[in-house]
Structures are given as structure tokens and as C-alpha cells.
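Chemist: Please find the sequence and the predicted model below.
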Number of protein chains: 2
Amino acid sequence: MAVTIRDIAKRANVSVTTVSQIMNDKGSRFTKRTRDRVLQTAKAMNYRPNRLAASLITRQTKTLGVIVPDIRNPFFSALAHGIDERATELGWSIFLSNSSDSHEKDLHLISVMNSLQVDGICFCLAGNTDEQSFLACYQELTDADIPFLLVDRYYEIDDMQNVLTLDHEKAGYLATSHLLELGHRRIACITGPLHLVDARMRLVGYERALAEYDVSIDETLIFEGNYRQESGYRHANWILDTMPDVTAFFACNDLMALGVMDAIEQAEKIIPNDFSVVGYDDVVSEYFKRSPLTSIYQPVGDLGRKTADIIIARINGAEATLKVDLTPKLQRRKSTAPLL
Amino acid sequence: MAVTIRDIAKRANVSVTTVSQIMNDKGSRFTKRTRDRVLQTAKAMNYRPNRLAASLITRQTKTLGVIVPDIRNPFFSALAHGIDERATELGWSIFLSNSSDSHEKDLHLISVMNSLQVDGICFCLAGNTDEQSFLACYQELTDADIPFLLVDRYYEIDDMQNVLTLDHEKAGYLATSHLLELGHRRIACITGPLHLVDARMRLVGYERALAEYDVSIDETLIFEGNYRQESGYRHANWILDTMPDVTAFFACNDLMALGVMDAIEQAEKIIPNDFSVVGYDDVVSEYFKRSPLTSIYQPVGDLGRKTADIIIARINGAEATLKVDLTPKLQRRKSTAPLL
DNA sequence: GTGAAAGCGCTAACAG
DNA sequence: CTGTTAGCGCTTTCAC
């Protein structure tokens, strides 16, 4: 049986109130003598406050729920790491769970975390979520009356006071203008699923860059992928077979870029001599500094830290704005070169 | 204000006991009529049980603490994913936090999770933990009187009833005998920090394979690394400069293997023509199926699932044995070839 | 400065 | 079959 506030009150010959007040050092001032005595016996008895009991009264657990599709995905592990790091700094703890990209599981996890009395939820939608499923989640979250933040994935349904994202438009622009600067004009773009806002924004950036270089937008150069390696491979194969004038690829994530590279290698072409390839995310390089892939680095760890900051600020009743400065950066490596 | 058991009792004209019993469907049988009425009003009022309150009485939170050095490391994210997946299946939730490889933070996290009343802790020691720090953690865990499992990293201090590991000896053996089969005899081994048991076991496997092929063990071929890329790079450089007879490398994790490959490329040598390289972990290939690196695959996800199974079984008072069948596998890729 | 008492939302004896 | 009652360990008025 764990030692309680009562036990130490008895031992120190004070009331439970006194112990409670002193342990949370607040309330009326006690004499240094009693303070020391209480603190000391608490330590001597190896007292650990039961936060369940405290939370029942204060209605604050200082816990956050974090829901991601798959923590093994480097993007989400970087994000979760950032959230945890910042939350821990502030004295908070994290319930983390994977939705396995299932909308039903998202719903279930929200309900569980609600029962667990988390004070806030950081939420990355499952990839297959359509607009209607999204509404269901949004409803569940709203019903629970828990502050929440949709991180990087969302649907445009309201004033978006609950959405925190990276600047995907700028990132798409950066990737594309890099290729344009190198002289490429026929640039294939393999996008993510276009029902996702982040995927659409990357495409918007691509188009803005082209416009800026007075290159007209050719819809036949745009291919809707699904962020998986196989999809980059498939589209690249088709392009290699049928569009001889294409000299560069912008794959909207690194996984698809790897697929593109596979296809190019298999066609016995050389990167970057024959084709330039730009990826997106570059989150792997943190651990694996050996990638040859030019890519757009997104400060995902910072996004996580900001996520924690904002949600906790809101829980504390502050008016945390969503304006944050999270700037993508181009990482030039060996997969891009000037057009010959 | 959230709706409580009281609210629905009042609405359904029954006592709180009735509601409680029915919600947890146990205890004495109620008439179908009352059951339905209660369940229905609960649903109508969108009731969500407050698990803090319940746990305060049952002394079970159905939560697990998981402490890892860094969730961005693919090994730990695969492990955490496995734990979460299995735990969720069984109706449990996970507090996850990163120690940033700091022993002090380990200690702190154990204490926090203790306060949070987790029912069990799955614990991956920080990399820099020495034996004395380990003892401190062990003590803290034991004092807390919470079931715990040390996953894959540990010190040999007792009967090891709390340790669950992969078969690193076999894995080291597999890696080395693969190289021996290919005809290599001068095989450099870059180990992990040898104060860690897992690192030592890989080395033991290396030595067993050599012995089996009647190759005498040459201590000068064994280099103690630290599992970081830079350490593989550094040792490989030294070897390339000073040991012309070495033809193969066994790097005891993939990160160091990448470092080795860097060094070899920089020396303008070709893999696998000039040197064969075997890595260890192969956990990245799940997401990035384009690695050229022959590596030892460890079923880390299964280890995670087993971890959850065992700790939960123990919490439930069962005598869960630690004997599990987690077999490493060699993944042959392009970084190894027969000795010319 | 310090303590008594009420009660957070729920479960678990124990009565009826 | 159903209800009354007594807490779980803690915080928080409100007295003294």
C-alpha cells in the first residue's frame, strides 16, 4: 500500500491540509519548522502524490493525448518527439497511440482519451479520412469539450482555429524553383492524395513557381500519387515510357521520390545526369545522414514543440495564436543537377 | 460540466449502483427493462465514464508507461508501435516519453509515471547508463512496486525476471557466418558500447561463427563503437588506412554500417566488389525499401507486442514467462558479395 | 498558521 | 433485483 498524505500527516503531527498545502507549496505561509518537518518526513517515507486523486478535484490531469497514424513513419515520430519534448519541459505527460490510418480507430481513441481525462488532444488524421469521417471526428472532439489541435492534416470546414500546419505551399514552391533555376522546364509533379490540404498546397506552390518562371502549367505533367513508394515508382515508369521531354521530377514526399529513383535506375538512366529528382520531408536525414536525395526539409520537430506550446497555452486559457514561423528549407544533395 | 453516473441515475430513476453495475456489465442481473433504460439514457446523454474516479477505487488504471531514449530512432518507434498495438487491442493505453538518453531523465520519468499511477512500465535504458545508474533505476522501479520490464537493454544483476530481449547472439552469428560463407576471413567487427549486454552478445555471436569456421579470433579486428554513424565512419577510416587485409565489415547497427559505407566510398572503393558490409537492425526497410544494405532483421514489432503481453499478464497476476521466440533473419542485399 | 469537513466521480460491500 | 452507504487520496473552503 502506497504512502498517502494522511500517513505523513500523522507522522509529522499535522493535518492533511497542511501537508497538501506544503507539498504544493502554496496557500498560507507555514513556519519554516513545520515546512521542513513535513517535507522531510515526506521524503523519508518516499511519498509519491497520487495524481489521479488530485486531478479528480482540480479537473486537470496535465496529460495530452497524441494520435498519429503510425509512429514508425519518420514524420510522425519526429512530430511526437517534439510534442513530448516540449510537454515534458512544461511538466506534462503524453498518451500516445497509433490509429493505423483507420478512421474508426481515431474515433475510438478520442473516446478513450476523453475517458482518461486528458486535458487536450493533438491529432493527426488517418490518411484515408474523407470529409464526412473528418466531420465525425470533429464532432466527437467538440462534444468532448476538450481543446484540440489538428496537426498538419485537416479539412477546410470552419475558421480553422484548431489547425496547425507547416508551410506546404512555400515548400512546393522551393522545390520547384530549385529545378527551374537549374534550367529544367518539363518538371513532372507527383502529388499526394489531393483530398488532403497539405498535398494540394504543395501543388499550389509548384504552380506558383512555374508561373513565376513563365512556364505554362501542363496538367499532363501532374500525377496524383498516394505518398507511398510504389506510387512514385508507377507514375515515374509511365512518364519514362511516354514523356521523353521530362527532365525532372518533384515527388511530394521522400517515399515516392525513392520510388521514382527506383524507376529511373531500372530504366538504366543516371541521376542526376539524365534526371533530377527532388523529394519532400527530409526527416530521415536526422538519423540517416547518407541520403543522396535533394529534398525539402520541414522543421517537424519544431512543429511538434509548437503544437505542445499552443495546446497547453489554450488549456491554460491563453489566446495562443496559430501564427508560427516554421520555414521549409531546401537541402541540396546529389539527386539534382543543371540541365545539360 | 461532464455528465456523471449520478445524472444518468436520476434521469433513469435508478441508483448510482445500478448504473455503475450495468455500465460495467457485471454483478447481479438486472431486468432487461432497466438495463436498456440505463444504457439508453447513458447514450442519450453522451455519457463518458471518468476513469480517474474509477481507478482511484479499483487501483487499476489500465495504463502502461513506456520509456525510450528517442522515439525517432527506428528501433524504438518500431518497439513502441508494437507495444501500443498490442496494448490497445487489450484495452490499455500508453504513456510514452523520451529520455533523450539521459539517465537522470529516466529516473524522473519513472517517478512521474508512478505518480500517474501507471500499472506497469516498459523501460529501455538510456544509452549512457552505467551499472551504478542502472541500479538507481532498478531501485526506483522496485520501490515504486510497479511491475516493469527492461526491454532489450539491461545489466546482469539478478535472476533477470524483468528482462525481455532479442536474440543478439544468434543475430551476430548470422551476420558473421554470412560473410564467412562468402569466403571472407578478415572480418572487422564494429561493436556497440560493450558495457551493454546486447552489444556484447552480438560480439559473442561473431566469435562463435568464427570459431565454427576455424578462423582464429583476432582482437585487433574488434572495435568498440557507440552505435552512432560517426563511430562507424571513424573506425572504418582507420581500418582502411592501416589494415589492408580486411575485406568485410560487420557493423553492429545500421547507423554505423552507413558510416562504414561513407568511409569506403570516400576512399573510392566499391561495395561490394572491394568490401562487403553487413549491418544490423534493418528496421528502416519497413518504410524505405530501397536500402542496398545487407542487414540482420530483428522482429522488433513482435518484441513490442510480446512486451505488452507479458507486462499485462503479470499485472493481472499471471506467471508470464520470458521465453519467447523472436528469431533474427538475414536480409541479403547488395552490400555483400563473395570474396574475389 | 493550522485544522475539520466536504466532496471530486466512481465502485463495492452490505442490506433489503 | 435494487438501493444505501462508505470510502479511494486528494484539494479546498471556511473556521479557529
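Modeler: Here it is on my side, so go on.
Chemist: got the contact list for the closest residue in space to A:Lys329 that isn't next to it in sequence?
Modeler: Setting aside the residues directly before and after it, A:Lys329 is nearest to A:Tyr297 in space (CB to CB, 6 or more residues apart in numbering or on different chains), at 4.7 Å. In this view, the C-beta of every residue, glycine as well, is placed from N, C-alpha and C. Contacts for A:Tyr297 (CB atoms under 8 Å, 6 or more residues apart in numbering or on different chains) come out as A:Asp281, A:Asp282, A:Val283, A:Ser285, A:Pro328, A:Lys329, A:Leu330, A:Gln331.
Chemist: And the pLDDT at the nearest residue to the first one once chain neighbours are set aside?
Modeler: Meaning A:Asp281. Spatial nearest neighbour of A:Asp281, excluding adjacent residues (CB to CB, 6+ apart): A:Asp254 at 4.7 Å. The score at A:Asp254 is 89. That number is its pLDDT.
Chemist: I'd say A:Asp254 and A:Gly279 touch.
Modeler: Yes. Between A:Asp254 and A:Gly279 there is a contact under CB atoms under 8 Å: 4.1 Å.
Chemist: Tell me where chain A has helices.
Modeler: Remark: helices assigned in chain A by DSSP state H are A:5-12, A:16-23, A:32-44, A:51-58, A:74-89, A:103-115, A:131-144, A:168-181, A:197-212, A:229-242, A:254-266, A:300-315.
Chemist: With distance to B:Thr176 and mean neighbour count added, can I get these in CSV?
Modeler: Listed next are the helices of chain A as CSV, based on distance: least, CB to CB, whole Å; neighbours: other CB atoms under 10 Å in any protein chain shown:
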stretch, distance to B:Thr176, mean neighbour count
helix A:5-12, 57, 18
helix A:16-23, 56, 18
helix A:32-44, 51, 15
helix A:51-58, 49, 16
helix A:74-89, 30, 24
helix A:103-115, 42, 19
helix A:131-144, 50, 16
helix A:168-181, 43, 22
helix A:197-212, 45, 20
helix A:229-242, 31, 20
helix A:254-266, 30, 24
helix A:300-315, 37, 22
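Chemist: Tell me the spacing between A:Ala80 and DNA strand C.
Modeler: 29 Å (CB to the nearest atom of the strand, to the nearest Å).
Chemist: so that residue makes contact with A:Asn98?
Modeler: No. Using CB under 8 Å, A:Ala80 makes no contact with A:Asn98, being 10.0 Å away.
Chemist: Look up the residues that both of these two are in contact with.
Modeler: Residues touching both A:Ala80 and A:Asn98 by CB under 8 Å, 6+ apart: A:Val68, A:Ile71.
Chemist: can you tell me the residue of the stretch 151-300 of chain A closest to DNA strand D?
Modeler: Nearest residue of the stretch 151-300 of chain A to DNA strand D: A:Asn162, at 27.7 Å (CB to the nearest atom of the strand).
Chemist: burial measure for that residue, as a count.
Modeler: A count of neighbours around A:Asn162, defined by other CB atoms under 10 Å in any protein chain shown, yields 22.
Chemist: which ones are touching it?
Modeler: A:Phe148, A:Leu149, A:Leu150.
Chemist: Just name the closest of those to A:Leu125, please.
Modeler: Nearest to A:Leu125 among those is A:Leu150, at 6.8 Å by CB to CB.
Chemist: what is the closest one paired to in the beta sheet?
Modeler: A:Phe123, A:Val163 (DSSP bridges).
Chemist: Contact partners for it?
Modeler: Going by CB under 8 Å, 6+ apart, A:Leu150 touches A:Phe123, A:Cys124, A:Leu125, A:Asn162, A:Val163, A:Leu164.
Chemist: Give me the common contacts of A:Asp254 and A:Gly279.
Modeler: A:Leu293, A:Ser295.
Chemist: Find the closest residue to DNA strand C in the stretch 51-200 of chain A.
Modeler: In the stretch 51-200 of chain A, the residue that lies nearest DNA strand C is A:Leu56 (3.7 Å; CB to the nearest atom of the strand).
Chemist: So for stretch A:183-203, mean pLDDT?
Modeler: 95.
Chemist: One more: stretch A:43-50?
Modeler: Mean pLDDT, stretch A:43-50: 95.
Chemist: ends of it, how far apart?
Modeler: From its first residue to its last, stretch A:43-50 covers 15 Å (CA to CA, to the nearest Å).
Chemist: What residues of that stretch count as buried?
Modeler: Under the neighbour-count criterion of 16 or more other CB atoms under 10 Å in any protein chain shown, stretch A:43-50 has A:Tyr47, A:Arg48, A:Pro49, A:Asn50 buried.
Chemist: How about the contacts made by the second one?
Modeler: It refers to A:Arg48. Contact partners of A:Arg48, counting by CB under 8 Å, 6+ apart, are A:Ala2, A:Val3, B:Ser111, B:Asn114, B:Ser115, B:Ala144.
Chemist: residues contacting the nearest residue to A:Arg202 once chain neighbours are set aside?
Modeler: Closest residue in space to A:Arg202, ignoring its immediate chain neighbours: A:Gly172 at 3.7 Å, by CB to CB, 6+ apart. When the contact criterion is CB under 8 Å, 6+ apart, the partners of A:Gly172 are A:Met201, A:Arg202, A:Leu203, A:Val204, A:Gly205, A:Tyr206, A:Arg208, A:Ala209, A:Phe250, A:Cys252.
Chemist: okay, among the residues you listed, which ones form the most distant pair?
Modeler: Farthest apart among the contacts of A:Gly172 by CB to CB are A:Arg208 and A:Cys252. That separation is 14.8 Å.
Chemist: where does the residue of the stretch 151-300 of chain A closest to DNA strand D land on pLDDT?
Modeler: What the model reports as pLDDT for A:Asn162 is 91.
Chemist: How about the residues of the stretch 1-150 of chain A by DNA strand D?
Modeler: Counting by CB under 7 Å from any atom of the strand, the stretch 1-150 of chain A comes close to DNA strand D at A:1-2, A:4-6, A:16-17, A:20-21, A:23-24, A:27, A:49-50, A:53-54, A:56-58.
Chemist: who's in contact with the residue in chain A that chain B sits nearest to?
Modeler: Closest approach between chain A and chain B, counting by CB to the nearest CB: A:Leu96, at 4.1 Å. With contact taken as CB under 8 Å, 6+ apart, A:Leu96 is in contact with A:Val66, A:Val68, A:Ile71, A:Ala80, A:Asp84, B:Ala80, B:Asp84, B:Ile94, B:Phe95, B:Leu96.
Chemist: picking that back up, mind putting the contacts of A:Arg48 in a markdown table, distance to DNA strand C and pLDDT included?
Modeler: Shown next, in a markdown table, are the contacts of A:Arg48 (distance: CB to the nearest atom of the strand, whole Å; pLDDT from 0 to 100):
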| residue | distance to DNA strand C | pLDDT |
| --- | --- | --- |
| A:Ala2 | 16 | 89 |
| A:Val3 | 17 | 94 |
| B:Ser111 | 23 | 97 |
| B:Asn114 | 20 | 97 |
| B:Ser115 | 16 | 97 |
| B:Ala144 | 22 | 90 |
